[in-house]
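Visitor: can you look at this prediction? I've put the sequence above it.
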Amino acid sequence: MGQCLSASKPIIEALLTELAKPAPGAHHHQQQQQQQQTASGPVAGGQSGAVHPSLPAGAEKHRVRNVYDGDTLTLTDERRIRLLGIDTPEIKDKQPFAQEAKAYTKALCDKKDVWISFDPGGDKADHYGRLLCFIFVPAEDGTGYLCVNEGIIAAGYASAYHPGKGKHLHNWNKLVALQSQARKDKCGMWSTFQDILVVKTANGSAYHKRSCEHLSSVRNLTEMRASVATEKGLHPCRSCFS
């Protein structure tokens, strides 16, 4: 899949414009730092590996009203969508690259027509009532369709994430492979990745720091490098890696 691929000029400009907007409560130097990271590093890369020659069977065309963050948006019919198979940094917690993740999804989807597709045989909604979807938009070169879920992972602004027990997304291996390549190429949030020793529980889908508060009474932990954990499709604990 090669080096991080830069997106076309319109998407880069949209990302920079979004990141230039003042964030409530954010300090000026933090905003400058984010803009510098986005301008100098991979912006919205990995598109070639996330482009499909055609839409999935049964894909539905809808209009996006608003993008809340990198993995959540609302359609004009007021249904909210949670992008399936990914997890992006939290804006409310001011996590690094949260604004970049939002800017990526917003540049591709906000106020635009998209096609949504559900995972074959999987749940169509979560316990919050949000639709669990893959989102497709026309590819920049006019040939095929970009899967936004896959593209944002390839750009390094999302982790592969699937909380379901005993379930596997139809493209899970591809999501993990795109994530692994983004990590190796130091795309986005992986530019500051440190390959430290981490632990996981017997049946957990996340990896943790040894000091994680959720592990105070847990025994039989498995230790591994963070790079190995990501290769296995484990995602970082939201508490100890926030």
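Guide: Happy to help now that I have it.
Visitor: quick one, strands of the chain?
Guide: Assigned by DSSP state E, the strands in the chain fall at 51-52, 60-69, 72-75, 80-83, 86-87, 113-117, 131-138, 145-147, 159-160, 197-200, 206-207, 222-225, 235-236.
Visitor: quick check: which of the ones you listed is nearest to Lys106?
Guide: Nearest to Lys106, of all the strands of the chain, is strand 60-69, at 4.2 Å by Cβ to Cβ. Every C-beta, even on glycine, is put in place using the N, C-alpha and C of the backbone.
Visitor: tell me the strands beside that closest one, with direction?
Guide: Strand 60-69 pairs in its sheet with strand 72-75 (antiparallel), strand 113-117 (antiparallel), by DSSP bridges.
Visitor: pLDDT averaged over stretch 200-220, what's the number?
Guide: For stretch 200-220, the mean pLDDT works out to 89.
Visitor: in it, what counts as buried?
Guide: Residues of stretch 200-220 classed as buried by neighbour count (16 or more other Cβ atoms under 10 Å): Lys200, Thr201, Gly204, Ala206, Tyr207, His208, Lys209, Cys212, Leu215.
Visitor: the fifth one touches Glu231, doesn't it?
Guide: No: the criterion here is Cβ atoms under 8 Å, and Tyr207 misses it with Glu231 at 11.0 Å.
Visitor: may I have the phi/psi pair for the residue nearest the centre of the chain?
Guide: The C-alpha lying nearest the average C-alpha coordinate of the chain belongs to Ala158 (Cα atoms, centre = their mean; 2.5 Å). Phi and psi for Ala158, reported as degrees, to the nearest 10, are phi -150, psi 150.
Visitor: so what's it up against?
Guide: By Cβ atoms under 8 Å, 6 or more residues apart in numbering, the residues touching Ala158 are Gly70, Asp71, Ile86, Asp87, Thr88, Ala101, Asn149, Ile152.
Visitor: may I ask which helix or strand of this protein has the lowest mean pLDDT?
Guide: The weakest-scoring helix or strand in the chain, judged by mean pLDDT, DSSP states H and E, is helix 28-40 (a mean of 37).
Visitor: picking that back up, include mean pLDDT and mean neighbour count when you put the strands paired with strand 60-69 into CSV, please.
Guide: Formatted as CSV, the strands paired with strand 60-69 follow (pLDDT from 0 to 100; neighbours: other Cβ atoms under 10 Å):
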stretch, mean pLDDT, mean neighbour count
strand 72-75, 98, 19
strand 113-117, 98, 19
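Visitor: need the ones you listed in TSV (columns: distance to His62).
Guide: Formatted as TSV, the strands paired with strand 60-69 follow (distance: least, Cβ to Cβ, whole Å):
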stretch	distance to His62
strand 72-75	5
strand 113-117	6
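Visitor: so which of the ones you listed gets nearest Ser48?
Guide: Nearest to Ser48 among those is strand 113-117; the distance by Cβ to Cβ comes to 19.3 Å.
Visitor: and the angle for that closest one with strand 131-138?
Guide: 130 degrees (axes from the mean of the first three to the mean of the last three Cα atoms, to 10 degrees).
Visitor: what's next to strand 113-117, contact-wise?
Guide: Under the criterion Cβ under 8 Å, 6+ apart, residues 55-56, 58-64, 81, 131, 133-137, 145, 148 lie in contact with strand 113-117.
Visitor: go again using 10 Å as the cut-off
Guide: 55-64, 73, 75, 79, 81, 83-84, 108, 131-138, 145, 147-149 (Cβ atoms under 10 Å, 6 or more residues apart in numbering).
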